[in-house]
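*Asks:* Have a look; sequence and predicted model below, questions after that.
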Amino acid sequence: MVDCGETVLELHGTVKRFKHGPTIGPISFTVRRGEVFALIGPNGAGKTTTIRMVLGIYRPDEGSVLLCGSPPERLKLYSLAAYVPEETAVYPKLTGWEHLVFYATLYTGDRTRAVKVAERAAEVSGLGDALGRLVEGYSKGMKRRLILSLALALETPLLVLDEPTSGLDVHSAVRMRRLIRKAADEGRAVLLSSHNMFEVEYLADRVAFIASGKIIAIGTPASLKQRYAAENLEEAFVKAVEAAATV
Ligand SMILES: Nc1ncnc2c1ncn2[C@@H]1O[C@H](COP(=O)(O)OP(=O)(O)OP(=O)(O)O)[C@@H](O)[C@H]1O
(Lines give C-alpha, C1' and ligand atoms only; values in the text may rest on other atoms or scores of the structure.)
Protein backbone atom coordinates (compact mmCIF):
# COMPACT_ATOMS: atom_id res chain seq x y z
CA MET A 1 0.00 0.00 0.00
CA VAL A 2 1.21 3.51 -0.83
CA ASP A 3 2.34 5.18 2.40
CA CYS A 4 0.66 8.59 2.77
CA GLY A 5 1.73 9.20 6.35
CA GLU A 6 -0.80 9.93 9.09
CA THR A 7 -3.13 12.30 7.20
CA VAL A 8 -4.55 10.62 4.12
CA LEU A 9 -7.22 13.14 3.14
CA GLU A 10 -7.58 16.89 3.77
CA LEU A 11 -10.34 19.23 2.63
CA HIS A 12 -9.60 22.90 3.19
CA GLY A 13 -12.64 25.12 2.62
CA THR A 14 -13.73 23.34 -0.55
CA VAL A 15 -16.66 24.89 -2.38
CA LYS A 16 -18.58 23.57 -5.39
CA ARG A 17 -21.03 25.94 -7.08
CA PHE A 18 -23.58 24.40 -9.43
CA LYS A 19 -24.66 26.72 -12.21
CA HIS A 20 -28.27 25.60 -11.91
CA GLY A 21 -28.21 24.42 -8.33
CA PRO A 22 -26.98 25.08 -4.81
CA THR A 23 -23.50 25.89 -3.48
CA ILE A 24 -21.91 23.07 -1.52
CA GLY A 25 -19.34 24.19 1.07
CA PRO A 26 -17.10 25.51 2.38
CA ILE A 27 -16.25 22.04 3.69
CA SER A 28 -13.17 21.29 5.82
CA PHE A 29 -12.15 18.02 7.46
CA THR A 30 -9.31 15.52 7.55
CA VAL A 31 -9.29 11.73 7.53
CA ARG A 32 -6.33 9.96 9.12
CA ARG A 33 -4.99 6.47 8.50
CA GLY A 34 -6.83 3.88 10.57
CA GLU A 35 -9.88 6.12 10.87
CA VAL A 36 -13.47 5.75 9.65
CA PHE A 37 -14.89 9.23 9.03
CA ALA A 38 -18.62 9.40 8.29
CA LEU A 39 -20.67 12.05 6.53
CA ILE A 40 -24.28 12.15 7.66
CA GLY A 41 -26.84 14.47 6.15
CA PRO A 42 -30.37 14.71 4.75
CA ASN A 43 -31.05 14.05 1.04
CA GLY A 44 -29.44 16.75 -1.06
CA ALA A 45 -27.14 17.94 1.77
CA GLY A 46 -23.99 17.61 -0.34
CA LYS A 47 -22.43 14.28 0.67
CA THR A 48 -22.02 12.86 -2.84
CA THR A 49 -20.79 16.22 -4.14
CA THR A 50 -18.15 16.26 -1.38
CA ILE A 51 -17.11 12.72 -2.30
CA ARG A 52 -16.86 13.76 -5.95
CA MET A 53 -14.53 16.61 -4.98
CA VAL A 54 -12.42 14.15 -2.97
CA LEU A 55 -12.07 11.93 -6.04
CA GLY A 56 -11.35 14.78 -8.44
CA ILE A 57 -14.59 14.15 -10.38
CA TYR A 58 -15.54 17.73 -9.47
CA ARG A 59 -12.88 20.40 -9.22
CA PRO A 60 -13.60 22.72 -6.27
CA ASP A 61 -14.41 26.32 -7.22
CA GLU A 62 -12.68 27.38 -4.01
CA GLY A 63 -10.45 25.71 -1.44
CA SER A 64 -8.46 22.52 -1.92
CA VAL A 65 -8.52 18.76 -1.58
CA LEU A 66 -5.30 16.96 -0.73
CA LEU A 67 -5.17 13.21 -1.15
CA CYS A 68 -1.87 11.86 0.19
CA GLY A 69 -0.59 15.43 0.16
CA SER A 70 -1.50 16.33 -3.46
CA PRO A 71 -4.67 17.34 -5.33
CA PRO A 72 -6.43 14.22 -6.69
CA GLU A 73 -5.23 13.38 -10.20
CA ARG A 74 -6.95 10.90 -12.44
CA LEU A 75 -3.80 8.92 -13.26
CA LYS A 76 -2.66 8.55 -9.67
CA LEU A 77 -6.12 8.08 -8.22
CA TYR A 78 -6.38 4.34 -8.81
CA SER A 79 -3.38 3.65 -6.59
CA LEU A 80 -4.67 5.99 -3.86
CA ALA A 81 -8.45 5.58 -3.56
CA ALA A 82 -10.99 2.79 -4.05
CA TYR A 83 -14.55 4.02 -4.54
CA VAL A 84 -17.91 2.38 -4.09
CA PRO A 85 -20.51 4.79 -5.53
CA GLU A 86 -24.11 5.05 -4.40
CA GLU A 87 -25.34 3.58 -7.69
CA THR A 88 -23.89 0.17 -8.48
CA ALA A 89 -22.61 0.28 -12.08
CA VAL A 90 -21.58 -3.08 -13.54
CA TYR A 91 -20.95 -4.58 -16.98
CA PRO A 92 -23.86 -6.99 -17.44
CA LYS A 93 -22.08 -9.15 -20.02
CA LEU A 94 -19.10 -9.96 -17.79
CA THR A 95 -19.13 -12.71 -15.20
CA GLY A 96 -18.58 -11.67 -11.58
CA TRP A 97 -15.02 -13.04 -11.75
CA GLU A 98 -14.25 -11.21 -15.02
CA HIS A 99 -15.60 -8.06 -13.44
CA LEU A 100 -13.23 -8.39 -10.48
CA VAL A 101 -10.20 -9.03 -12.72
CA PHE A 102 -11.12 -6.16 -15.07
CA TYR A 103 -11.38 -3.58 -12.27
CA ALA A 104 -8.43 -4.98 -10.33
CA THR A 105 -6.31 -4.59 -13.48
CA LEU A 106 -7.47 -0.99 -13.84
CA TYR A 107 -6.54 -0.24 -10.24
CA THR A 108 -3.26 -2.13 -10.00
CA GLY A 109 -2.07 -1.77 -13.63
CA ASP A 110 -0.57 -5.25 -13.35
CA ARG A 111 -2.29 -8.47 -14.42
CA THR A 112 -0.53 -10.74 -11.89
CA ARG A 113 -1.32 -8.46 -8.96
CA ALA A 114 -4.84 -8.01 -10.33
CA VAL A 115 -5.54 -11.74 -10.19
CA LYS A 116 -4.36 -11.84 -6.55
CA VAL A 117 -6.64 -8.88 -5.69
CA ALA A 118 -9.54 -10.54 -7.55
CA GLU A 119 -8.98 -13.79 -5.64
CA ARG A 120 -9.07 -11.89 -2.34
CA ALA A 121 -12.21 -10.02 -3.45
CA ALA A 122 -13.87 -13.27 -4.54
CA GLU A 123 -13.35 -14.68 -1.05
CA VAL A 124 -14.55 -11.48 0.65
CA SER A 125 -17.67 -11.33 -1.56
CA GLY A 126 -18.94 -14.71 -0.41
CA LEU A 127 -20.53 -15.07 -3.86
CA GLY A 128 -19.01 -18.52 -4.46
CA ASP A 129 -20.13 -20.26 -7.68
CA ALA A 130 -22.21 -17.20 -8.66
CA LEU A 131 -18.93 -15.52 -9.66
CA GLY A 132 -18.92 -17.74 -12.77
CA ARG A 133 -22.29 -16.34 -13.90
CA LEU A 134 -22.99 -13.19 -15.91
CA VAL A 135 -23.53 -10.13 -13.72
CA GLU A 136 -26.80 -9.38 -15.58
CA GLY A 137 -28.32 -12.25 -13.59
CA TYR A 138 -27.23 -10.83 -10.22
CA SER A 139 -29.62 -9.31 -7.70
CA LYS A 140 -29.03 -5.72 -6.53
CA GLY A 141 -27.41 -6.97 -3.32
CA MET A 142 -25.11 -9.39 -5.20
CA LYS A 143 -23.86 -6.55 -7.43
CA ARG A 144 -23.25 -4.43 -4.35
CA ARG A 145 -21.28 -7.25 -2.70
CA LEU A 146 -19.20 -7.63 -5.86
CA ILE A 147 -18.05 -4.01 -6.04
CA LEU A 148 -17.70 -3.60 -2.28
CA SER A 149 -15.53 -6.70 -2.00
CA LEU A 150 -13.23 -5.38 -4.73
CA ALA A 151 -12.82 -2.05 -2.92
CA LEU A 152 -12.03 -3.94 0.28
CA ALA A 153 -9.49 -6.19 -1.44
CA LEU A 154 -7.60 -3.32 -3.09
CA GLU A 155 -4.74 -1.89 -1.07
CA THR A 156 -5.42 1.82 -1.50
CA PRO A 157 -4.73 4.17 1.44
CA LEU A 158 -8.25 5.63 1.06
CA LEU A 159 -11.53 3.78 0.80
CA VAL A 160 -14.54 5.92 -0.18
CA LEU A 161 -17.90 4.27 0.46
CA ASP A 162 -21.20 5.90 -0.49
CA GLU A 163 -24.03 3.99 1.24
CA PRO A 164 -21.95 0.78 1.22
CA THR A 165 -24.44 -1.70 2.65
CA SER A 166 -27.62 -0.32 1.08
CA GLY A 167 -29.63 -3.20 -0.39
CA LEU A 168 -27.64 -5.92 1.40
CA ASP A 169 -29.36 -8.60 3.47
CA VAL A 170 -28.71 -8.44 7.22
CA HIS A 171 -26.07 -11.15 7.27
CA SER A 172 -24.10 -9.68 4.33
CA ALA A 173 -24.35 -6.16 5.79
CA VAL A 174 -22.96 -7.30 9.14
CA ARG A 175 -20.13 -9.17 7.41
CA MET A 176 -19.25 -6.18 5.21
CA ARG A 177 -19.31 -3.77 8.16
CA ARG A 178 -16.85 -5.98 10.03
CA LEU A 179 -14.58 -6.00 6.97
CA ILE A 180 -14.79 -2.20 6.62
CA ARG A 181 -13.81 -1.79 10.28
CA LYS A 182 -10.97 -4.30 9.79
CA ALA A 183 -9.70 -2.35 6.76
CA ALA A 184 -9.45 0.77 8.94
CA ASP A 185 -7.85 -1.15 11.80
CA GLU A 186 -5.23 -2.38 9.33
CA GLY A 187 -4.33 1.22 8.44
CA ARG A 188 -6.62 2.38 5.63
CA ALA A 189 -8.54 5.66 5.91
CA VAL A 190 -12.26 5.27 5.24
CA LEU A 191 -14.61 8.05 4.13
CA LEU A 192 -18.17 6.83 4.53
CA SER A 193 -21.51 8.34 3.61
CA SER A 194 -24.52 6.63 5.13
CA HIS A 195 -28.13 7.18 6.16
CA ASN A 196 -27.88 4.14 8.40
CA MET A 197 -27.23 5.49 11.91
CA PHE A 198 -26.64 2.04 13.36
CA GLU A 199 -23.93 1.50 10.75
CA VAL A 200 -22.33 4.87 11.51
CA GLU A 201 -22.38 4.27 15.28
CA TYR A 202 -20.77 0.88 14.75
CA LEU A 203 -18.14 1.99 12.25
CA ALA A 204 -17.24 5.64 12.64
CA ASP A 205 -14.45 7.09 14.74
CA ARG A 206 -15.56 10.60 13.80
CA VAL A 207 -18.69 11.98 12.19
CA ALA A 208 -19.58 15.17 10.33
CA PHE A 209 -23.21 16.27 10.22
CA ILE A 210 -23.80 18.06 6.93
CA ALA A 211 -26.89 20.10 6.03
CA SER A 212 -27.61 22.48 3.15
CA GLY A 213 -24.05 22.10 1.88
CA LYS A 214 -22.30 22.94 5.16
CA ILE A 215 -20.81 20.99 8.05
CA ILE A 216 -22.91 21.87 11.09
CA ALA A 217 -21.14 19.64 13.65
CA ILE A 218 -18.12 17.37 13.73
CA GLY A 219 -16.78 15.02 16.40
CA THR A 220 -16.73 11.49 17.76
CA PRO A 221 -20.14 9.81 18.09
CA ALA A 222 -19.80 10.07 21.90
CA SER A 223 -18.97 13.80 21.83
CA LEU A 224 -21.86 14.56 19.45
CA LYS A 225 -24.33 12.67 21.63
CA GLN A 226 -23.07 14.60 24.66
CA ARG A 227 -23.17 17.95 22.86
CA TYR A 228 -26.82 17.50 21.83
CA ALA A 229 -27.87 15.67 25.03
CA ALA A 230 -28.97 12.77 22.84
CA GLU A 231 -29.26 9.06 23.59
CA ASN A 232 -28.12 8.05 20.14
CA LEU A 233 -26.57 9.52 17.00
CA GLU A 234 -29.91 9.73 15.20
CA GLU A 235 -31.32 11.98 17.92
CA ALA A 236 -28.11 14.08 17.96
CA PHE A 237 -28.34 14.48 14.20
CA VAL A 238 -31.99 15.55 14.26
CA LYS A 239 -31.27 18.09 17.02
CA ALA A 240 -28.23 19.44 15.16
CA VAL A 241 -30.22 19.90 11.93
CA GLU A 242 -33.07 21.61 13.84
CA ALA A 243 -30.62 23.90 15.65
CA ALA A 244 -28.89 24.82 12.36
CA ALA A 245 -32.27 25.60 10.73
CA THR A 246 -33.16 28.10 13.47
CA VAL A 247 -29.89 30.05 13.21
N1 LIG B 1 -24.79 18.34 -11.48
C2 LIG B 1 -25.59 19.07 -10.68
N3 LIG B 1 -26.19 20.21 -11.11
C4 LIG B 1 -26.98 20.93 -10.31
N5 LIG B 1 -27.22 20.61 -9.00
C6 LIG B 1 -26.65 19.49 -8.52
C7 LIG B 1 -25.81 18.66 -9.32
N8 LIG B 1 -25.38 17.62 -8.55
C9 LIG B 1 -25.94 17.79 -7.35
N10 LIG B 1 -26.70 18.91 -7.32
C11 LIG B 1 -27.46 19.42 -6.17
O12 LIG B 1 -26.56 19.61 -5.09
C13 LIG B 1 -27.19 19.24 -3.86
C14 LIG B 1 -26.36 18.18 -3.17
O15 LIG B 1 -26.47 16.96 -3.89
P16 LIG B 1 -25.72 15.63 -3.40
O17 LIG B 1 -25.98 14.58 -4.42
O18 LIG B 1 -24.31 15.96 -3.08
O19 LIG B 1 -26.50 15.32 -2.03
P20 LIG B 1 -26.41 14.05 -1.06
O21 LIG B 1 -26.17 14.60 0.31
O22 LIG B 1 -25.45 13.05 -1.57
O23 LIG B 1 -27.91 13.51 -1.14
P24 LIG B 1 -28.53 12.00 -1.02
O25 LIG B 1 -28.51 11.66 0.44
O26 LIG B 1 -29.92 12.20 -1.52
O27 LIG B 1 -27.71 11.09 -1.87
C28 LIG B 1 -28.60 18.82 -4.22
O29 LIG B 1 -29.47 19.93 -4.05
C30 LIG B 1 -28.51 18.45 -5.70
O31 LIG B 1 -29.74 18.66 -6.34
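*Replies:* All right, it came through fine.

*Asks:* backbone phi and psi for the spatially most central residue of the chain, please?
*Replies:* In the chain, the centroid-proximal residue (Cα atoms, centre = their mean) is Leu161; its distance is 1.9 Å. In terms of degrees, to the nearest 10, the main-chain angles of Leu161 are phi -120, psi 110.

*Asks:* cool, the one 4 residues further on as well?
*Replies:* Dihedral pair for Thr165: phi -100, psi 10, per degrees, to the nearest 10.

*Asks:* shouldn't it be in contact with Leu179?
*Replies:* No: look at Thr165 against Leu179 with Cβ atoms under 8 Å: they stay out of range, at 10.6 Å. From N, CA and C alone the C-beta is placed, and that goes for glycine too.

*Asks:* So for the two, which residue has more residues nearby?
*Replies:* Each of Thr165 and Leu179 has its neighbours counted (other Cβ atoms under 10 Å); Thr165 has more, 24 against 16.

*Asks:* Spatially nearest residue to the more buried one (excluding sequence neighbours)?
*Replies:* Excluding the flanking residues, the one nearest Thr165 by Cβ to Cβ, 6 or more residues apart in numbering is Ala173, at 4.1 Å.

*Asks:* any idea of the pLDDT on that neighbour?
*Replies:* In this model, Ala173 is scored at 91, pLDDT.

*Asks:* let's have the chain start at 168 instead
*Replies:* Renumbered: residue one is now 168, and that last one reads Ala340.

*Asks:* how about the strand or helix carrying it: buried residues?
*Replies:* Ala340 is located in helix 337-352, with elements delineated by DSSP states H and E. For helix 337-352, burial by neighbour count (16 or more other Cβ atoms under 10 Å) applies to Ser339, Ala340, Arg342, Met343, Arg344, Leu346, Ile347, Arg348, Ala350, Ala351.

*Asks:* and what of stretch 209-225?
*Replies:* Of the residues in stretch 209-225, 212-223, 225 count as buried by neighbour count, 16+ other Cβ under 10 Å.

*Asks:* again, but for stretch 274-281
*Replies:* Buried positions in stretch 274-281, judged by neighbour count with 16+ other Cβ under 10 Å: Tyr274, Thr275, Ala281.

*Asks:* of all those residues, which comes closest to the ligand?
*Replies:* For the buried residues of stretch 274-281, the minimum distance to the ligand (Cβ to the nearest ligand atom) is 24.0 Å, reached by Tyr274.

*Asks:* how far away is that closest one from Glu409?
*Replies:* Separation of Tyr274 from Glu409 (Cβ to Cβ, to the nearest Å): 42 Å.

*Asks:* Helices of this protein, start to end?
*Replies:* Counting by DSSP state H, one finds helices in the chain at the ranges 214-221, 241-247, 263-275, 278-292, 307-320, 337-352, 364-370, 388-394, 400-413.

*Asks:* Run the angle between the fourth one and helix 307-320 for me.
*Replies:* Angle, helix 278-292 to helix 307-320, by axes from the mean of the first three to the mean of the last three Cα atoms, to 10 degrees: 130 degrees.

*Asks:* Could you give the separation of the helix or strand of the chain with the lowest mean pLDDT from the chain centroid?
*Replies:* One helix or strand of the chain scores below all others by mean pLDDT, DSSP states H and E: helix 241-247, with a mean of 81. Centre-to-centre, helix 241-247 and its host chain are 16 Å apart (Cα atoms, centre = their mean, to the nearest Å).

*Asks:* With that, I have no additional questions.
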